[in-house]
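Engineer: This is a predicted model, with the sequence first.
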There are 2 protein chains.
Amino acid sequence: MHIQQPASVSAFSPEILSAAYRDARAAEVAHCEDAPRGRCSACPVRGLSVCAALAQDELPRLEQLSDPVRFRAGETILLEGDPAGAVYNLKAGMVRLYRILPDGRRQIVGFMMPGDFIGLSLSDRNGFSADAVDDVAACRFDRAAYTKFVGQTPHLLRQMHEAASHELTIAQDHMVLLGRRSAEEKVASFLMSQRDRMRRLGASVVTLALPMSRTDLADHLGLTIETVSRVISRLARARVVLVVPNGVRLLDLAKLESLAAS
Amino acid sequence: MHIQQPASVSAFSPEILSAAYRDARAAEVAHCEDAPRGRCSACPVRGLSVCAALAQDELPRLEQLSDPVRFRAGETILLEGDPAGAVYNLKAGMVRLYRILPDGRRQIVGFMMPGDFIGLSLSDRNGFSADAVDDVAACRFDRAAYTKFVGQTPHLLRQMHEAASHELTIAQDHMVLLGRRSAEEKVASFLMSQRDRMRRLGASVVTLALPMSRTDLADHLGLTIETVSRVISRLARARVVLVVPNGVRLLDLAKLESLAAS
DNA sequence: CGTCTAGTTGATGGGAATCAACGTAAGTGG
DNA sequence: CCACTTACGTTGATTCCCATCAACTAGACG
């Protein structure tokens, strides 16, 4: 048994150390919270989110409805089957959406990121559970009030529909992953798709943040924690990625792409 | 000329023989085709479909846009990535939606049944391929024209959104199935969910129609054809189901329910 | 310092994939 | 009408990928 580790040591990734990462995230969340109630025009995710559909002069009405909220890592946001009292627009942090089988098996159906909307369906019961992966800042809207507003604002409804359609596409992608890909392909294509999402948020990604645990990854990819760990180790040994705290540095995108088999 | 089943929508007759089944389906499809262009008020799936949102006096506008079409078993309806020229409302028959990986692996992301709408997202490119499992009758709408109509009809948009949300829920169910269930659980819970869908169409189901091939089932459930065949044989041996041409008779719902593990 | 949790790594086993043979029904053409 | 073909499904033998079981390491924290 060697002291040697895979490619992970050499790199003090400039941007991410465990503590530094946490602090940065905390600052980001705090920043969101400090914003005065209902200052949509200054919102960090305005333009990325469904509210992009609203014109400047429509924002005040939305602001009236919105309520800034915070969740700490691990905190529950909503439970499958409960009456849906609220919907959320995510401003910072990451949220996992999941279902649980009677015997405890869990499937994470998606990770939500800044700009994503939780509760797109506007239905009266939650179709999934959700909790905060790391510290989260969000706009909370009373569901009834928000639904009413949407009913009076067709272009917002259109935007909600577009977002739901996009979610559906992502869900279909994920069905392909779960149903037809090997463990290595699952991990590789998950990394690529996370990278794409980050890029759409505006950042060019060399170091991919993975705030979720290995267990979360496993429950998202339909694998066990051990298999996820082994695959990532293998990718690191092959210098395709570099493991850093709370993330991976993507070293060989071409290789990763080909491993993803899509 | 042929024996015309009384115009009940419940296409799925209790006793199914191969030939009888095919004839019934053919008659049903023919019946849909015979309807004069744009007679929405007499449509077999009116009330089950998104057009249920429209009032009587709005139907004529929709009728103007609609075009009755037919696809024979196996025929391609649309291809992933192609420009989306049309959307479809399914009146009879079954359609498979799927994605294909570069090396040919296929994942069927859903089976569409009467009342289902293909192209909910209204996006300009097809997010999946689709083809007819058996003979199909549908309303075809030019996408641009339909999109424009939806834009002018908020309650139709609302209905489209609701349908998309429902699809999303089904997709999440299926992710749980693909990611966290055993082969036997997959088959059992697929049968239960198909039964539920049929029942929502109005028929009480003792014999479940399965017009799709074993290969289709396998590609939907993330299994191989051999495994699907073995599991069904085992269920038959245990008298949980009875295999009939193009379907199964459900003999022991309680057992099936418990095998489905949900 | 001990405890706890998250993650890694190794050994082993099992469930589903793969490989292969066979059965059956529906065409097809002589 | 029957040999031949083809597509689809079933069943058995074997393989292999990933789950399971287990041991261990590294941080985090009181």
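Structural biologist: It's in.

Engineer: Enumerate the residues of the stretch 101-250 of chain A near DNA strand C.
Structural biologist: The interface of the stretch 101-250 of chain A toward DNA strand C, taken as CB under 7 Å from any atom of the strand, is made up of A:Ser213, A:Arg214, A:Thr215, A:Ile225, A:Glu226, A:Val228, A:Ser229, A:Arg230, A:Ile232, A:Ser233, A:Val243. For the C-beta atoms, the positions are set from N, CA and C on the backbone; glycine is no exception.

Engineer: again, only using 10 Å
Structural biologist: Contacts of the stretch 101-250 of chain A with DNA strand C, taken as CB under 10 Å from any atom of the strand, map to A:179-180, A:182, A:210-218, A:224-234, A:236-237, A:243, A:245-246, A:248.

Engineer: Go ahead and build a ChimeraX selection from the buried members of the residues you listed.
Structural biologist: Burial among those is assessed by 16 or more other CB atoms under 10 Å in any protein chain shown; the matching ChimeraX selection reads:
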select /A:179,180,210,211,212,214,216,217,218,227,228,231,232,236,243,246,248
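
Engineer: The residues of the stretch 101-250 of chain A next to DNA strand C also near chain B: which ones?
Structural biologist: Contacts with chain B within those, counted by CB under 8 Å from any CB of the partner chain: A:Gly179, A:Arg180.

Engineer: Nearest residue to A:Val95 in space, please, no chain neighbours.
Structural biologist: A:Met112 (4.2 Å; CB to CB, 6 or more residues apart in numbering or on different chains).

Engineer: before we move on, the earlier item: sitting in helices, which of the residues of the stretch 101-250 of chain A next to DNA strand C do you find?
Structural biologist: Those of these mapping onto helices are A:179-180, A:214-218, A:225-234, A:236-237, per DSSP state H.

Engineer: could you pull out the strands for the stretch 101-250 of chain A?
Structural biologist: A:106-112, A:117-118, A:129-132, A:136-142, A:207-209, A:241-244, A:247-250 (DSSP state E, counting those that start in this stretch).

Engineer: and the first one, what does it pack onto?
Structural biologist: Using 3 or more CB pairs under 8 Å, 6 or more residues apart in numbering or on different chains; DSSP states H and E as the contact criterion, the elements in contact with strand A:106-112 are strand A:95-100, helix A:154-180, helix A:214-221, helix B:154-180.

Engineer: Restricting to C-alpha, output it in PDB.
Structural biologist: Listed next in PDB are the C-alpha coordinates belonging to strand A:106-112 (Å, rounded to 0.1, in the frame of the first residue of the first chain):
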ATOM      1  CA  ARG A 106     -33.400   7.000  -3.100                       C
ATOM      2  CA  GLN A 107     -33.300   8.400  -6.600                       C
ATOM      3  CA  ILE A 108     -32.100  12.000  -7.000                       C
ATOM      4  CA  VAL A 109     -34.000  13.200 -10.000                       C
ATOM      5  CA  GLY A 110     -32.100  16.400 -10.400                       C
ATOM      6  CA  PHE A 111     -29.800  19.000  -8.900                       C
ATOM      7  CA  MET A 112     -31.000  22.600  -9.000                       C
END
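
Engineer: quick check, that strand touching DNA strand D?
Structural biologist: No: using CB under 10 Å from any atom of the strand, strand A:106-112 stays clear of DNA strand D, coming no nearer than 12.0 Å.
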